[in-house]
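Trainee: predicted model, plus sequence, below.
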Amino acid sequence: MTLKVGLLVGREWSFPPKFIEEVNGRDAGVVAEYVKLGGTRMDELVEYAVIIDRISHEVPYYRSFLKHAMLQGVAVVNNPFMWTADDKFFGAALCEKLGIASPKTMVLPNKSYVPGIVHDESLRNLEYPMNWERIVDYVGMPCVLKDAHGGGWKDVFVCHNLDELVYYYDHTGLRTMVLQEFIEWEHYVRCLCIGQTDVLPMKYDPHERRYLVEHEHLSSEMGERIVGDSLKLVRALGYDMNSAEWAIRDGVPYAIDFMNPAPDMDVNSLTPFYFDWAVTHMADMAIRLAQSPRVQRDAIRWDELFTGTRE
């Protein structure tokens, strides 16, 4: 029997056809194709052994379908239930629990609220005004204000003094923001993490937002630490597809951004060399999950978030 891998995608153009071509060219009894949906019944069977999800964070109907698919025994990458853990403050607290270096981080009350919120009645648990001096004393200056649920470098503000911080905060609207210590890094690394087993540490320039193909950019000791900490994070989160960014300061890699369950896999971003690695390892993982099914529902054990292991 031929096993099927389904792919849910958005606007990306380079990874999807190459991934499908790679899986279908393996002659492994597994075929890959784009998932087609038009409304899903509560009793509907799902024909796929594996579904790779690249877009449900922007299309809510897809997320509902993927939860249904998991109930049917489909291996969904990434697990849609685990995505509920996806916020930057929780990620920083998780690092603290796992013993991974992370910038000092605070989550802040929202600046604005939906119309149904009456400030002096609905927000009686909040201190007002905010004690900005206490907040800045903890994270230091400069600091970084960013959307707790954002990505793609959107709504990220580097603040050099209290006036800048308050100004940017006052323009955040309904977004929940985190404030983070600014790490003056000497070296920056972005890792592509596939299947909770494979990690590719790539030299990255966050100013230019581009990868630099330099194979010997890390010492063996630093490389082992970054790979080990990346695996600890993705295993805690249950992510089979993720990217993790590390800012190295004084010989210590700090986890900067590591909850990216639909990481960029565009050939123009990754460069052809790293793109081929991503396609090959994604195909390896999809075929392995199709041929050797795992009970993914067992992964939703929240205590394992705090150990970094999923045995």
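Mentor: Thanks, I have it.
Trainee: any idea how far Phe275 lies from Met202?
Mentor: Phe275 sits 11 Å away from Met202, going by CB to CB, to the nearest Å. Every C-beta, even on glycine, is put in place using the N, C-alpha and C of the backbone.
Trainee: ignore the last one, Val158
Mentor: Taking CB to CB, one finds Val158 at 23 Å from Met202.
Trainee: ok, now Ile55?
Mentor: Plainly put, Ile55 is 23 Å away from Met202 if you go by CB to CB.
Trainee: the two: who's more crowded?
Mentor: Neighbour comparison, Ile55 and Met202: the larger count goes to Met202, with 21 against 15 (by other CB atoms under 10 Å).
Trainee: you'd agree Gln180 is in a strand?
Mentor: Yes: secondary structure of Gln180, determined by DSSP: H, G, I helix; E, B strand; the rest coil: located in a strand.
Trainee: show me what it is bridged to.
Mentor: When bridges are taken as DSSP bridges, the partners of Gln180 come out as Thr105, Val144.
Trainee: tally of neighbours for it?
Mentor: By the other CB under 10 Å criterion, the neighbourhood of Gln180 contains 23 residues.
Trainee: cool, and Ser269?
Mentor: Other residues near Ser269 come to 16 when the count uses other CB under 10 Å.
Trainee: nearest residue to it other than its sequence neighbours?
Mentor: Nearest-residue entry for Ser269: Tyr211, 7.0 Å, with adjacent residues in sequence omitted and distances by CB to CB, 6 or more residues apart in numbering.
Trainee: helix, strand, or coil at that neighbour?
Mentor: Secondary structure assignment for Tyr211 (three-state DSSP): strand.
Trainee: residues in contact with it?
Mentor: In this structure, Tyr211 makes contact with 190, 202-205, 269-271, 274, judged by CB atoms under 8 Å, 6 or more residues apart in numbering.
Trainee: change it to 7 Å
Mentor: Contact partners of Tyr211, counting by CB atoms under 7 Å, 6 or more residues apart in numbering, are 202-204, 269-271, 274.
Trainee: which strands and helices lie in contact with the lowest-mean-pLDDT helix or strand in the chain?
Mentor: For the chain, scoring each helix and strand by mean pLDDT, DSSP states H and E identifies helix 119-122 as the least confident one, at a mean of 91. Where contact means 3 or more CB pairs under 7 Å, 6 or more residues apart in numbering; DSSP states H and E, helix 119-122 is not packed against any helix or strand.
Trainee: CA atoms of that helix as PDB?
Mentor: Taking only C-alpha atoms (Å, rounded to 0.1, in the frame of the first residue of the first chain), the coordinates of helix 119-122 have been written out as PDB:
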ATOM      1  CA  HIS A 119     -10.300  49.900  32.400                       C
ATOM      2  CA  ASP A 120     -11.300  50.700  36.000                       C
ATOM      3  CA  GLU A 121     -13.600  47.700  36.200                       C
ATOM      4  CA  SER A 122     -12.000  44.900  34.000                       C
END
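Trainee: after it, next one along is what?
Mentor: Using DSSP states H and E, the next helix or strand after helix 119-122 towards the C-terminus is helix 132-139.
Trainee: residues in contact with that next one?
Mentor: Applying CB under 7 Å, 6+ apart, the set of residues contacting helix 132-139 from outside is 104, 106, 162, 166, 179-181.
Trainee: just the buried ones from these, in ChimeraX syntax?
Mentor: Burial among those is assessed by 16 or more other CB atoms under 10 Å; the matching ChimeraX selection reads:
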select :106,179,180,181
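Trainee: wait, which of the contacts of helix 132-139 is closest to Ser112?
Mentor: For the contacts of helix 132-139, the closest approach to Ser112 (CB to CB) belongs to Val166, at 14.5 Å.
Trainee: so where is this protein shaky, pLDDT-wise?
Mentor: Counting by pLDDT under 70, the chain contains low-confidence residues at 295-311.
Trainee: and the helices in it?
Mentor: Along the chain, the segments classed as helices by DSSP state H run 15-24, 60-71, 88-98, 119-122, 132-139, 162-169, 220-237, 267-291.
Trainee: so which of these is nearest Gly151?
Mentor: Gly151 lies closest, by CB to CB, to one member of the helices of the chain: helix 88-98, at 9.4 Å.
Trainee: in TSV: the helices of the chain, plus distance to Phe258.
Mentor: Putting the helices of the chain into TSV (distance: least, CB to CB, whole Å) gives the following:
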stretch	distance to Phe258
helix 15-24	20
helix 60-71	21
helix 88-98	6
helix 119-122	34
helix 132-139	19
helix 162-169	23
helix 220-237	5
helix 267-291	17
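Trainee: which of these sits closest to Val50?
Mentor: helix 267-291 (4.7 Å).
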